[in-house]
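Student: sequence and predicted structure are below.
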Amino acid sequence: MAPIKLTWLGHACWKIETPNGTLLIDPFVTGNPAAPISADQLHPDYILVSHAHGDHLGDAVEIAKRTGAQVISNFEIANYFTGQGIQAHDLHIGGSKEFPFGRVKLTIAHHGSSFPDGKYGGNPSGFLLTIGKKKIYDSADTALFYDMKLIGEEGLDVAMIPIGDNYTMGPDDAVKAAKYLHPKFLVPMHYNTFDLIKQDPAAFAKRVVRTVPKTKVVVLKPGESLELK
Ligand code: NI
Ligand code: MN
């Protein structure tokens, strides 16, 4: 199978290129000071939205309308999209479905999910993706939770987790998350977009190496990629 390419677009935004379609997760590009490209340069087939906060919903409506990409999100957020004539598939926590590119499962996340206008956005989620033989976990915005151990038992190839603190796990809890998840590759995200979530990813990487020697921390700059072969 062709390699799967994960490109960090800053904050919690990911482009995942698979043999059967391109996914965009949490497309906060416009107004994201760390975004290496503009929203009109993105041509996804699917858009996954973890929760309705503005820094995750981002440009999803505009991109979906322009490209015809299918949105995959929780029931409440999916309804928001279908209400605007956008094709959306609703899942909910613990549920999974096979798509042409692979399987998507919504995982728990401890966070909020209201829309920027205050409307109810259901429960926030993370994503467990099974693409070919590869397992990719995007925790999205969350606190540390002990059930990450269960997700780690899946045998993860890569996990993307926040380290920014203030709104999500900070580095101390993210080191514990690394232990519970023990993926082959761990990529920190949701940091250094704004001063409030400023962190040192190299220092975090050193701590993970000491705690979980088999996990390799990959520190990406916005626009850089990790390939899973
Ligand atoms: Ni959030
Ligand atoms: Mn966020």
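Tutor: That came through, no problem. Numbers count the residues shown, from 1 in each chain. Ligands and ions are numbered 1, 2, ... in the order given.

Student: any idea which residue sits dead centre in the chain?
Tutor: For the chain, the residue nearest the mean C-alpha position is residue 138 (4.1 Å; C-alpha atoms, centre = their mean).

Student: so it versus residue 178, what's the distance?
Tutor: Counting by C-beta to C-beta, to the nearest Å, the separation of residue 138 from residue 178 is 15 Å. (Each C-beta comes from the backbone N, C-alpha and C, glycine too.)

Student: equivalent analysis for residue 220, please.
Tutor: Residue 220 is 16 Å from residue 178, where distance means C-beta to C-beta.

Student: so in terms of bridging, what pairs with the residue nearest to the centre of the chain?
Tutor: For residue 138, the beta-bridge assignment (DSSP bridges) gives partners residue 127, residue 160.

Student: where along this structure do the helices fall?
Tutor: Taking DSSP state H as the criterion, the chain carries its helices at 54-57, 60-67, 75-82, 148-152, 171-181, 201-211.

Student: same list, the ones you listed, but as a markdown table with distance to residue 31 and mean pLDDT please.
Tutor: Below are these laid out as a markdown table (distance: least, C-beta to C-beta, whole Å; pLDDT from 0 to 100):
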| stretch | distance to residue 31 | mean pLDDT |
| --- | --- | --- |
| helix 54-57 | 8 | 98 |
| helix 60-67 | 12 | 98 |
| helix 75-82 | 19 | 98 |
| helix 148-152 | 30 | 98 |
| helix 171-181 | 25 | 98 |
| helix 201-211 | 22 | 98 |
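
Student: so for residue 122, which of those helices sits nearest?
Tutor: Taking C-beta to C-beta, helix 75-82 is the member of the helices of the chain nearest to residue 122, at 3.3 Å.

Student: now do the closest one: everything it contacts.
Tutor: Where contact means C-beta atoms under 8 Å, 6 or more residues apart in numbering, the residues beyond helix 75-82 that reach it are 49, 51-52, 57, 60-61, 64, 71-73, 87-92, 113, 115, 119-122.

Student: distance between it and the chain's centre?
Tutor: Mean C-alpha position of helix 75-82 versus that of the full chain (C-alpha atoms, centre = their mean, to the nearest Å) differs by 18 Å.

Student: spell out which residues of the chain are next to ligand 1.
Tutor: Contact residues, the chain versus ligand 1 (C-beta under 5 Å from the ion): 53, 141.

Student: tell me where the chain has strands.
Tutor: 4-8, 14-18, 21-25, 46-48, 70-74, 88-91, 96-99, 102-108, 125-131, 134-138, 158-162, 185-189, 216-217, 225-228 (DSSP state E).

Student: and the closest residue to residue 109 other than its chain neighbours, backbone torsions?
Tutor: Distance criterion C-beta to C-beta, 6 or more residues apart in numbering; nearest residue to residue 109, sequence neighbours excluded, is residue 142 at 3.9 Å. Per-residue torsions, residue 142: phi -160, psi 160 (degrees, to the nearest 10).

Student: residue contacts, residue 142?
Tutor: Residue 142 neighbours (C-beta under 8 Å, 6+ apart): 108-111, 124, 126, 162, 168-169.

Student: how many residues are close by the residue lying closest to residue 52 once chain neighbours are set aside?
Tutor: Closest residue in space to residue 52, ignoring its immediate chain neighbours: residue 121 at 3.0 Å, by C-beta to C-beta, 6+ apart. Per other C-beta atoms under 10 Å, the neighbour tally for residue 121 reads 22.

Student: list the contacts for residue 121?
Tutor: 51-53, 74, 76-77, 80, 113-115.

Student: make CSV from the residues you listed and add neighbour count to it.
Tutor: CSV is the format used below for these (neighbours: other C-beta atoms under 10 Å):
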residue, neighbour count
51, 28
52, 24
53, 23
74, 24
76, 18
77, 27
80, 24
113, 23
114, 15
115, 16
